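1. need the 3D shape of this:
(2 chains)
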2 protein chains.
Amino acid sequence: MDFSSFLTSLGTSFLIFVVLMLLFTWLSRKPGNSFVYYPNRILKGLEPWDGASRSRNPFAWIREAFSSSEQDVINMSGVDTAVYFVFLSTALAILVLSGLVLLPVLLPVAATDDNVKTQKDKGNQSFSDIDKLLMGNVKGGSPRLWAFLIATYWVSLVTYFLLWKAYVHVSGLRANALMSPELTPEQFAVLVRDIPPVPEGRTRKEQVDSYFKSIYPETFYRSMVVTNNKEVNKIYIELEGYKKKLAHAEAVYDESKKTGKPEGLRPTIRTGPLGIVGRKVDSIEHYNEKIKELIPKLEAEQKVTLRENQQACAFAFFTNRVTAASAAQSLHAQMVDTWTVMEAPEPRQIIWSNLKIKYFQRIIRQYVVCFIVALTILFYMIPIGLISALTTLDNLKKILPFLKPIVNIVAVKTVLEAYLPQIALIVFLALLPKLLLALSKAEGIPSVGHAVRATSGKYFYFTILNVFIGVTLGGTLFTTFKSIEEKPNSIVSLLASSLPGNATFFLTFVALKFFVGYGLELSRIVPLIIFHLKKKYLCKTEAELKEAWFPGDLGYATRIPGDMLVLTIVLCYSVIAPLIIPFGVVYFGLGWLVLRNQALKVYAPSFETYGRMWPHIHTRVIAALILFQVTMFGYFVVKKFSFSTFLLIPLPILSLLFAYVCHKKFYRSFSDTALEVACRELKEIPNMERIYRSFIPPSLSSEKADDDHFEDALSQVSRVGSFA
Amino acid sequence: MDFSSFLTSLGTSFLIFVVLMLLFTWLSRKPGNSFVYYPNRILKGLEPWDGASRSRNPFAWIREAFSSSEQDVINMSGVDTAVYFVFLSTALAILVLSGLVLLPVLLPVAATDDNVKTQKDKGNQSFSDIDKLLMGNVKGGSPRLWAFLIATYWVSLVTYFLLWKAYVHVSGLRANALMSPELTPEQFAVLVRDIPPVPEGRTRKEQVDSYFKSIYPETFYRSMVVTNNKEVNKIYIELEGYKKKLAHAEAVYDESKKTGKPEGLRPTIRTGPLGIVGRKVDSIEHYNEKIKELIPKLEAEQKVTLRENQQACAFAFFTNRVTAASAAQSLHAQMVDTWTVMEAPEPRQIIWSNLKIKYFQRIIRQYVVCFIVALTILFYMIPIGLISALTTLDNLKKILPFLKPIVNIVAVKTVLEAYLPQIALIVFLALLPKLLLALSKAEGIPSVGHAVRATSGKYFYFTILNVFIGVTLGGTLFTTFKSIEEKPNSIVSLLASSLPGNATFFLTFVALKFFVGYGLELSRIVPLIIFHLKKKYLCKTEAELKEAWFPGDLGYATRIPGDMLVLTIVLCYSVIAPLIIPFGVVYFGLGWLVLRNQALKVYAPSFETYGRMWPHIHTRVIAALILFQVTMFGYFVVKKFSFSTFLLIPLPILSLLFAYVCHKKFYRSFSDTALEVACRELKEIPNMERIYRSFIPPSLSSEKADDDHFEDALSQVSRVGSFA
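-> Residues are numbered from 1 along each chain as shown, chains lettered A, B, ... in the order given. So this is what the prediction gives:
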């Protein structure tokens, strides 16, 4: 890619960004769009914009983002989001501090040498003006390389320093959140798994209660046995569906009263499949009937579930936070694979179906998933190739004959034939995060937050391996595959020698990512269009409307790997092509700004893990740093910097040591709750009954005012037992 | 070694054993020797022998050993000893079950082939009759090798099965011991290390108390800050020394009254160094003076120590066992390297000087020690070679001129010159366990039991590497060193091919070890002689006499590696030379019998770790098994058993899997105390004051009746603080 086409692509991206920004400033001021641009504020019960900023200038959001404190972010969007901002600002600081030294030093050092020119004169390859500013312009073995070697150290040391500060800071954030005087139900509960079989003549609840009562005679409140809710969930979802349809039908009826005849037009529906065929009936009556039918069925099923579908896991509730935190960390049974106790996840993020999975099965599942993911990452091209080979047009026609008339159109045919493999790849890449999330859930992880973390890790390895290393080595990998097989070490030097050639590609990549990516993020064009379409044609009730604008969360599973990819690219190129650093700075700076706005006003977090994401981010930044250090070593070897190259060997070792020390010093307070944190006093005396009830899944909680039947059903047998 | 010399050596060993046995039966019946043969019973306040067995036959001890139950062993010698017997009986059972199948099957299979004869006819090497019974007698590639392959599987499966049963059993032993209603002080305490610096205006004790009071408001009893006792210990030891000497002098004086003049002869001493030169004074007066001098000095130093030598670690005491057990497992501070809490060791086995070592320093020390030990194990011959090269006679004469007249005698000179290197080696081997113990203590381990465990592990690797692998490869290693360097994998096949040649060597080695080793163990010839010498010439007081016969403990640090070496040898040879199995059976059978006697009657345990030795033993048995499986694989390769050899590859993987599953299922209940175990009720209400006092080191506990000054000194400032 030569210099002019690079500038063109940069200019185009910038233009798109400016257009999207203007769109945002215009659209976000229309009151009708406030559901799209301020949903988080609306959910929190706040005005879309404060009185002060009503008469605000188009760039008020920037001022608001800058003036918002970390505490504001925590209040509006939770600790996880604040931790994500710590990551963004740490990455930004690493790049700024690196750039401040590297740009003024390395660019002149490289520019005043003439390796490129010499090579060009030899007619070796075509070079552009950018290449003059890269490390490639320094002659092999030149003493100028010392500047690049020291720069490598500088970037590493800056990273260590800032990562350490960030870990201390995040650790404090987590501690503050956990010692908050606000009452959070999960801090009073523990999840108990792998409960041994119920002894003869006792109920599961008696068994759990007596076990914990004997260990915690004073602080144990009560237990809740987890049930298999598959059947009851099915009925509950059906019931809720009919309720929504009823509300919709009523809204349609009300509307027809206003617009048409005063007596209104009662909506009708066909009872057959898909509502297309079958007898035509009055919708409202039909749904009312169905609901009347289902309510007693649900109640009966609830009772059956509570009595008969009890599983070998439970939640135990304690009357104070210290006991719960301590219990979650302590070994309860002599056999480690029974009565395993862990911190209870937030009720909203529990993956109920995973709770029953047994200890060793969880371990096996972990390894199996790990193996599958490794295969997917390394060989994902094979199934895609197979699929695209099988889904030729002829095969498609055979399998799906109704497509025949469409496929036979010439234009469609050409496009399909040309793009089928690409389409398969795009579909795969779009589905990959979902696939990885499903795999993570299949490990037996009990909470969504943890599963998202695991997904993020898997996705990180996928992007680094396939986008960064894949693109860098590109076609050369296959041609030189033999040489790698013979000398596995040569992959480092191969990677190193392929790096400079791709510098402009990645410059453009990063620029595209921040201009177009953050432009789309800020302007929310797609959610806006969907919302307005739904509002106009589909939504009739308040609930349906809320569903249409509900913003979702930041989506860490894909967002963090994406940022990590950029950080990895920028780190790896920081010394070879220091020009990339300003692009990285803009990426993380702009990202911080745009997402600050989104976090404060748009996204609603769907779970809270109190910053447990951080150790994973930390580890991956170090992994990126090590990749940088290793490729630098390889590049110095390529540059024939003789003996001094070995001065780079301590760096990866130092990084591993740094990772080890950080892990030892900080990690456990992220996987467990420190007792000094849990022992802080609460604002109010905890209402244990409310805490207990917050863990009852919606499909099991009764709608009646006296919703005691959950307790009754559970303790009925136990009471009989204790009277006997 | 040919057959006849093998038989001779076997016969000699057996003869020595019989002589020692007879000596034992004769000597142990003499009442004057009861302190040597029944010290543990005497320490427990029991009669040396019960009434029933007074008129007992010479082999009554065998009946007693067999009829003793595991509970007897626990009562007399603690859980650790019982666990050691589980190890002995498991090893015995593995060998018996293996032998029952292997001997009747493999011996005929090997004996009816004629590989040895063929080789002999070729004049390849000299073979003995034993060699006909070995796997070496089977022709390479013969289908008979299937029997040996299946035998390898049988031995492995038997080992898995019995190890699993043993782990379950030991886990139960540990649980029973920990849930015992007897009161053990260490179950109410935790050790707190890495306490952060004291905040301005508070004392260490206030800091610790307020910290634990806020986390455990109801169950925290009090804390005890650990002090640096170096100075006070010095004075205390001096004082105790003078007290002993005073008692000795008084006993001498009393005796002189009886034997000589009625007014007695007051013993005298010279005050100069070593008691050889200087003014002659009356011993009793002199010692009394010294004691009078030292007591106030000790008291003053105690006060200074308690006030000023406080360190950043403490013991915290709780009013119940569950809280203490749970506290020891919980993270207390947000920063993992501060306020680290762990189970308190028994007071008698605390290594006080290690308590203050900081978190990261402990980790660094661990790695440094690990590195030093690895160097010692691999290259211990180098310093010994150097020492023996330097300590030639000429050098010796130069450094220690007073040796000259002795060294110049011709006979001494010859012997010294011939044996100096061997003497250096022997001295090194004798000092090695002590060196390894010192290294283990230098790791910062807080309890003796743990240090002994660590030593045992290090010594195990030393013996396996140097005795087993060293002897097997022997000289061949150095000649084929180049080939190993080129092909590191070849070490397995090299080991495998060297094994059969050394079979008779190891047969003799095992036989010598059990006949002579256990003969000496049972007859206690050396302690007997030392005791009688001391009794006659040195001991004058009861305390001195007790010191002379006090038996010490089983010495796990060297005993277990010794047994493990035999087990490793027997396992590795079990299929190649099944003849070794009976020897192994005799070793462990005789060992069980002899040590049962010793455990019940002789040795007094010096610490109790509730079976925490077991996971280490378990891991090492599996290590031995894997060594066996790998060498068998190598041997089958040597035997050219072609494709079927690969059927052995699953075995080491299976072993690793087995080790992993066992570790997951059992290990944590050995490193921590399960709460369901700690919550059992106690026999009596714990006397917290007594529990607290049992942790005061002897040098700090006052001798006065109202020994409250420890508490006073500690809490004085704290009281002032709380009044303010």
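
2. going forward, measure contacts between C-alpha atoms and count neighbours the same way
-> Noted.

3. now do the closest residue in space to A:Phe636 that isn't next to it in sequence, the pLDDT please.
-> Of all residues not flanking A:Phe636 in the chain, A:Thr645 sits nearest, at 6.0 Å (Cα to Cα, 6 or more residues apart in numbering or on different chains). At A:Thr645, the model reports a pLDDT of 80.

4. now swap in A:Gly260 and tell me
-> 67.

5. same deal with A:Pro58?
-> For A:Pro58, pLDDT reads 69.

6. before we move on, what about A:Lys487?
-> Looking at A:Lys487, the pLDDT reads 57.

7. which bits of chain A sit near chain B?
-> A:171, A:175, A:211, A:214-215, A:322, A:326-327, A:329-337, A:664-669, A:672-677, A:679 (Cα under 8 Å from any Cα of the partner chain).

8. please redo it, this time with the cut-off set to 6 Å
-> A:215, A:326, A:329-337, A:665-666, A:669, A:674-676, A:679 (Cα under 6 Å from any Cα of the partner chain).

9. okay, now A:Leu23: neighbour count?
-> A:Leu23 is flanked by 16 other residues according to other Cα atoms under 10 Å in any protein chain shown.

10. burial count for the residue in the stretch 151-300 of chain A that chain B sits nearest to?
-> Residue nearest to chain B within the stretch 151-300 of chain A (Cα to the nearest Cα): A:Ile215, separated by 5.4 Å. Residues lying near A:Ile215 (other Cα under 10 Å) number 20.

11. could you do A:Ile372 as well?
-> A:Ile372 has 14 nearby residues by other Cα under 10 Å.

12. retrieve the pLDDT associated with it.
-> 92.

13. now it: which helix or strand?
-> helix A:359-379 (DSSP states H and E).

14. same question for A:Thr455.
-> Per DSSP H and E: A:Thr455 is located in helix A:448-463.

15. which elements pack onto that helix?
-> Helices and strands touching helix A:448-463, as assessed by 3 or more Cα pairs under 6 Å, 6 or more residues apart in numbering or on different chains; DSSP states H and E, comprise helix A:410-442, helix A:556-573.

16. and these, which one's lowest on average pLDDT?
-> Mean pLDDT, when computed for each of the helices and strands packed on helix A:448-463, is lowest for helix A:410-442, at a mean of 78.

17. what angle do helix A:359-379 and that helix make with each other?
-> 150 degrees (axes from the mean of the first three to the mean of the last three Cα atoms, to 10 degrees).

18. could you tell me the angle between helix A:410-442 and helix A:556-573?
-> Going by the same axes, to 10 degrees, helix A:410-442 makes 100 degrees with helix A:556-573.

19. output the contacting helices and strands for helix A:410-442.
-> Checking 3+ Cα pairs under 6 Å, 6+ apart, helix A:410-442 ends up next to helix A:448-463.

20. helix A:410-442 and the helix it packs on, what's the angle between them?
-> Using the same axes, to 10 degrees: helix A:448-463 against helix A:410-442 is 130 degrees.

21. so which residues make contact with helix A:448-463?
-> The contact list for helix A:448-463 (Cα atoms under 6 Å, 6 or more residues apart in numbering or on different chains) reads A:Gln349, A:Ile377, A:Leu436, A:Leu437, A:Ser440, A:Lys441, A:Ala557, A:Pro561.

22. show me the helices in the stretch 251-400 of chain A, by range?
-> A:283-308, A:321-329, A:359-379, A:381-390, A:393-399 (DSSP state H, counting those that start in this stretch).

23. which is the next helix or strand following the shortest one?
-> Sequence order places helix A:404-407 as the next helix or strand after helix A:393-399, per DSSP H and E.

24. among the helices and strands packed on helix A:448-463, which is the most enclosed?
-> helix A:556-573 (a mean of 23; mean count of other Cα atoms under 10 Å in any protein chain shown).

25. between helix A:556-573 and the next helix or strand after that helix, find me the angle.
-> The element immediately downstream of helix A:556-573 (helix or strand, assigned by DSSP H and E) is helix A:580-601. Per the same axes, to 10 degrees, the angle that helix A:580-601 makes with helix A:556-573 is 160 degrees.

26. against which helices or strands is helix A:580-601 packed?
-> Checking 3+ Cα pairs under 6 Å, 6+ apart, helix A:580-601 ends up next to helix A:79-111.

27. does A:Val192 belong to a helix, a strand or coil?
-> When classified by DSSP: H, G, I helix; E, B strand; the rest coil, A:Val192 comes out as strand.

28. also the one 3 residues further on?
-> Of the three states, A:Ile195 takes coil according to three-state DSSP.

29. if you count neighbours, what's buried in stretch A:227-243?
-> Buried residues in stretch A:227-243, counting neighbours by 16 or more other Cα atoms under 10 Å in any protein chain shown, are found at A:Thr227, A:Asn228, A:Asn229, A:Val232, A:Asn233, A:Ile235, A:Tyr236, A:Glu238, A:Leu239, A:Tyr242, A:Lys243.

30. between these, which sits nearest A:Lys292?
-> Checking those against A:Lys292 with Cα to Cα, the nearest one is A:Leu239 at 9.4 Å.

31. if I look at the closest one, how far off is A:Arg693?
-> For A:Leu239, the distance to A:Arg693 equals 22 Å [Cα to Cα, to the nearest Å].

32. one more: A:His532?
-> Distance, A:His532 to A:Arg693, by Cα to Cα: 37 Å.

33. what are the buried residues along stretch A:636-646?
-> A:Phe636, A:Val637, A:Val638, A:Lys639, A:Lys640, A:Phe641, A:Thr645.

34. so A:Lys639 versus chain B, what's the distance?
-> Going from A:Lys639 to chain B by Cα to the nearest Cα, to the nearest Å gives 31 Å.

35. chain neighbours aside, what residue packs nearest to that residue?
-> Spatial nearest neighbour of A:Lys639, chain neighbours left out: A:Gly140 (4.6 Å); criterion: Cα to Cα, 6+ apart.

36. circling back: most widely separated two among the contacts of helix A:448-463?
-> For the contacts of helix A:448-463, the maximum inter-member distance is 27.7 Å, found between A:Gln349 and A:Ile377 (Cα to Cα).

37. deepest of the helices of the stretch 251-400 of chain A, which one?
-> helix A:321-329 (a mean of 26).

38. surely A:Met224 is within a helix?
-> No - in this structure, A:Met224 is strand, not part of a helix, as judged by three-state DSSP.

39. what's the spacing between it and A:Phe188?
-> 13 Å.

40. cool, and A:Arg559?
-> Between A:Arg559 and A:Phe188 the computed distance is 32 Å (Cα to Cα).

41. give me the residues contacting stretch A:29-39.
-> Residues contacting stretch A:29-39 (Cα under 6 Å, 6+ apart): A:Ser28, A:Pro48, A:Lys601, A:Val602.
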